[in-house]
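Asker: got a predicted structure here, sequence first:
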Amino acid sequence: MRSAILTYHSLDGSGSVISTRPEVFRRQMQSLVARGIPVAPFEDVAGGKQAVALTFDDAYENFADCALPVLEELGLPATVFVVSGRCGGFSDWIGSADVPRLRLMDWSALRSLPPRLISLGSHTVSHPNLALLPAHAIEGELAGSRTELEQRLGRAVISFAYPYGSVNEAVLTAARSAYRFAAGTRLDYRGVRVDAMHLPRIDAYYLRPQHIFDRITSGDGRGYLGLRRFLRELRSGVQGGY
C-alpha cells in the first residue's frame with residue numbers, strides 16, 4: 001500500500017470546506033478497520049512506516065466531542081496540531097463567511113487527551129502565513145509554540161504543521177531547527193524520497209464520498225489526487241490549505 005497522511009479540521013454539520021460530518025467520519029474510520037488498513041501515529045508514518053496517519057489541524061473543541069470517542073472505540077491513533085496562542089479561544093484567523101468560527105480546545109481539554117492514542121504537535125502560536133513573516137517572527141511562532149505546549153502539557157512535541165501549507169526557505173530552516181517532522185498541504189501520498197520536513201497530506205474535503213475515501217486509503221488514488229492537485233493549484237496559484 002501507499003502511505004497516506006489524512007488531514008481533518010472540524011467535525012461538524014456545516015458543510016464548510018474545513019468540516020467533515022461526524023457520521024461521515026465514523027463511517028470512514030469503521031471502513032479502515034473493516035478493510036484491515038493499518039493506521040499508525042503521524043510520527044511513525046512520517047518516519048517511513050507504511051500506513052495511514054490521521055491528523056487534525058487547529059485543535060477544535062469538537063475533536064474531543066466527536067472524533068475522540070470514535071478513535072477510542074476503534075483503537076485508532078491520531079495527531080492534533082495545536083495553535084498554542086488560541087487555546088480555549090476561537091478560530092478567528094480564518095476570516096471567511098464560508099468557514100465557521102469555532103471554539104478551540106482549552107489547556108484542560110488538551111491535557112485530558114489520552115497520550116497512548118493521541119499525540120500533539122504544533123500549528124504555531126497564532127496561525128499566521130509564515131512565508132509573509134520576517135525570520136525572527138517565524139522562529140518565534142515555531143519555537144514559542146513548542147515551548148508553551150511542552151511546558152503546559154508535559155509532553156514532548158516533535159511534529160509541526162504549516163498553517164495554510166505556506167512554506168519558503170526561511171520557514172523550512174526554522175522548522176528544521178525546532179521539529180523532527182513537519183506536514184504541509186500538498187495533495188499526495190508519502191513517497192519514499194519526500195522531505196520529512198515538508199510531508200504531503202490528503203485533505204478530508206476531497207474524501208467525503210465513501211468510495212473515494214476507500215480508494216485513496218487503499219493506495220489506488222494517485223491519478224485522482226493528481227487531478228485534484230492540478231485543479232486546486234490552477235484555481236489558487238498556490239498550494240493552499242487551512
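Answerer: Structure received.
Asker: residues of the lengthiest helix in the chain that come out buried?
Answerer: Ordering each helix of the chain by length in residues (DSSP state H) puts helix 135-153 first. Buried positions in helix 135-153, judged by neighbour count with 16 or more other C-beta atoms under 10 Å: 137-146, 148-150, 153. Every residue, glycine included, has its C-beta placed from N, CA and C.
Asker: residue ranges of the helices in this structure, please?
Answerer: Going by DSSP H, the chain shows helices at 22-34, 42-46, 61-62, 68-74, 107-112, 135-153, 169-178, 210-217, 222-236.
Asker: can you tell which of these is closest to residue 8?
Answerer: Ranking the helices of the chain by proximity to residue 8 (C-beta to C-beta) places helix 22-34 first, at 7.2 Å.
Asker: now do the same for residue 239: its pLDDT.
Answerer: At residue 239, the model reports a pLDDT of 48.
Asker: output the longest strand along the chain as CSV, nothing but the C-alphas.
Answerer: Taking DSSP state E as the criterion, the chain has its longest strand at strand 52-58. Only the C-alpha atoms of strand 52-58 are listed here, as CSV (Å, rounded to 0.1, in the frame of the first residue of the first chain):
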residue,chain,number,x,y,z
VAL,A,52,-2.4,5.7,7.1
ALA,A,53,-2.0,8.5,9.6
LEU,A,54,-4.8,10.7,10.9
THR,A,55,-4.1,14.3,11.6
PHE,A,56,-6.3,17.1,12.9
ASP,A,57,-5.4,20.7,12.4
ASP,A,58,-6.2,23.6,14.8
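Asker: tell me if I'm right that residue 175 and residue 160 touch.
Answerer: Yes: Residue 175 lies in contact with residue 160 (C-beta atoms under 8 Å); the separation is 5.7 Å.
Asker: okay, and the common contacts of those two?
Answerer: Here residue 175 and residue 160 have 142, 182 as joint contacts, going by C-beta atoms under 8 Å, 6 or more residues apart in numbering.
Asker: residues of stretch 103-112 that come out buried?
Answerer: Within stretch 103-112, the residues scored as buried using 16+ other C-beta under 10 Å are 104, 105, 109, 110.
Asker: verify the contact between the second one and residue 63 for me.
Answerer: Yes: Residue 105 sits in contact with residue 63 when judged by C-beta under 8 Å, with a separation of 6.6 Å.
Asker: what's near enough to touch residue 87?
Answerer: Here residue 87 is in contact with 59, 104, 105, 106, 107, 110 (C-beta under 8 Å, 6+ apart).
Asker: so what does the fourth one have for phi and psi?
Answerer: Phi and psi for residue 106, reported as degrees, to the nearest 10, are phi -90, psi 180.
Asker: what's the closest non-adjacent residue to it?
Answerer: Using C-beta to C-beta, 6 or more residues apart in numbering and skipping the chain neighbours, the partner closest in space to residue 106 is residue 88 (3.4 Å).
Asker: how close does residue 91 sit to residue 42?
Answerer: For residue 91, the distance to residue 42 equals 21 Å [C-beta to C-beta, to the nearest Å].
Asker: and for residue 194?
Answerer: Taking C-beta to C-beta, one finds residue 194 at 14 Å from residue 42.
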